[in-house]
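>>> Make a model of this:
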Amino acid sequence: MEKGIVYDLLIYMAVPYFIWNYGREPLGDYAALLLSTVPGLLYTLFRFINERQFNITGAFILASLLIDTLVNLLSGSAERMLWNQVYLGYGYALLYLLSILLKKPLGLYFGVDFAYMLGNPREPSKKLFFSKELFPWFQLVTLLLVIRGIVQNSLKAWLLDSYGVDSYGHMLIYLKISGGAFSILITALNLFIGHKVVQISRIQASKDTCPQSIEEKAHQPLF
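Predicted structure coming up:
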């Protein structure tokens, strides 16, 4: 886990920051900005293939990568590229919000994929996660993703509007810090959900192993 955090900091923040600072003069703003996104793109693709994320989570990551890359290539200038990233960020936040309103929270489906990676079948996990005890918590996880998208892209828009393309270096740092804070909140909530999943699973297992006659007697009135 510690190695993963170090790799994330290096590839998503340190390397792009270095490329941006030392590539602007020889390459120009737009080329340096495009080049700074390449390490993160390759690293994310590597993780996608290495972790075999051929599921809803993987499809979402791959689709967003393709859309982001296409938009970046078609932007034509560094400033337009950064503004397009802001608009895309709001678009992803809207997608998360729509999934909440439709009662199909993407956070729940990400949870099903994670449970599958741990060796749990998809359908039983999905049925369990849609139960009244757990469903509201997955709605809350997805809501945090909405809030994260709004906060981070609003911060990005403010920096871009106030300082222009020159703010990109600081943008990388601020977004990594704010993203880390939201990751802590989301991880803590997922750990809480995991604890509730264990509790509910134990209750269901005890019911399944309880003889029918004993279970019927347990529900009979005392008198």
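>>> same for the longest helix along the chain, what does it pack against?
Looking across the chain with DSSP state H, the single longest helix is helix 168-209. Contact here means 3 or more CB pairs under 8 Å, 6 or more residues apart in numbering; DSSP states H and E; on that basis helix 168-209 packs against helix 15-27, helix 78-101, helix 122-129, helix 135-163. Where you see a C-beta, it was placed from the backbone N, CA and C, and this is true even at glycine.
>>> make it 6 Å
helix 15-27, helix 135-163 (3 or more CB pairs under 6 Å, 6 or more residues apart in numbering; DSSP states H and E).
>>> nearest to Arg47, of these?
Across these, the minimum distance to Arg47, taken as CB to CB, is reached by helix 15-27, at 15.4 Å.
>>> what comes into contact with the next helix or strand after that closest one?
Helices and strands here follow DSSP states H and E; after helix 15-27, the next one along the chain is helix 29-50. Contacts with helix 29-50, where a contact means CB atoms under 6 Å, 6 or more residues apart in numbering, come from 11-12, 15-16, 19-20, 23-24, 58, 61, 77-78, 81, 165.
>>> Show the average pLDDT along helix 29-50.
Mean per-residue pLDDT for helix 29-50: 79.
>>> quick one: that helix to helix 78-101, angle?
In terms of direction (axes from the mean of the first three to the mean of the last three CA atoms, to 10 degrees), helix 29-50 departs from helix 78-101 by 40 degrees.
>>> How about helix 29-50, which residues are buried there?
Neighbour-count burial for helix 29-50 flags 29-30, 32-34, 36-37, 39-40, 43-44, 48 (criterion: 16 or more other CB atoms under 10 Å).
>>> Could you check the angle the following helix or strand past it makes with helix 29-50?
Once helix 29-50 ends, the next helix or strand along the chain (criterion: DSSP H and E) is helix 56-75. Counting by the same axes, to 10 degrees, helix 56-75 lies at 160 degrees to helix 29-50.
>>> Which strands or helices does helix 56-75 pack on?
helix 78-101, helix 106-117.
>>> which parts of the first one are buried?
Going back to what we said before, that points to helix 78-101. 78-79, 81-86, 88-89, 92-93, 96-97, 99-100.
>>> now the last one
Using 16+ other CB under 10 Å as the burial criterion, the residues of helix 106-117 that qualify are 106-113, 115.
>>> what about it, distance to the chain center?
Distance of helix 106-117 from its chain centroid, counting by CA atoms, centre = their mean, to the nearest Å, is 11 Å.
>>> where are the low-confidence patches of this protein?
Residues of the chain meeting the criterion pLDDT under 70: 1-5, 7-8, 51-54, 207-223.
>>> out of everything not next to it in sequence, what's closest to the residue most central in space within it?
Centroid-nearest residue in the chain, with CA atoms, centre = their mean: Leu145, separated by 6.8 Å. Nearest residue to Leu145, sequence neighbours excluded (CB to CB, 6 or more residues apart in numbering): Tyr96, at 4.7 Å.
>>> who's in contact with the one you found?
106, 142, 145-146.
>>> Same list (the helices and strands packed on helix 168-209) but as TSV, adding distance to Ile184.
TSV is the format used below for those (distance: least, CB to CB, whole Å):
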stretch	distance to Ile184
helix 15-27	22
helix 135-163	11
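>>> and of those, who's closest to Val71?
Per CB to CB, nearest to Val71 of those: helix 135-163, 13.9 Å.
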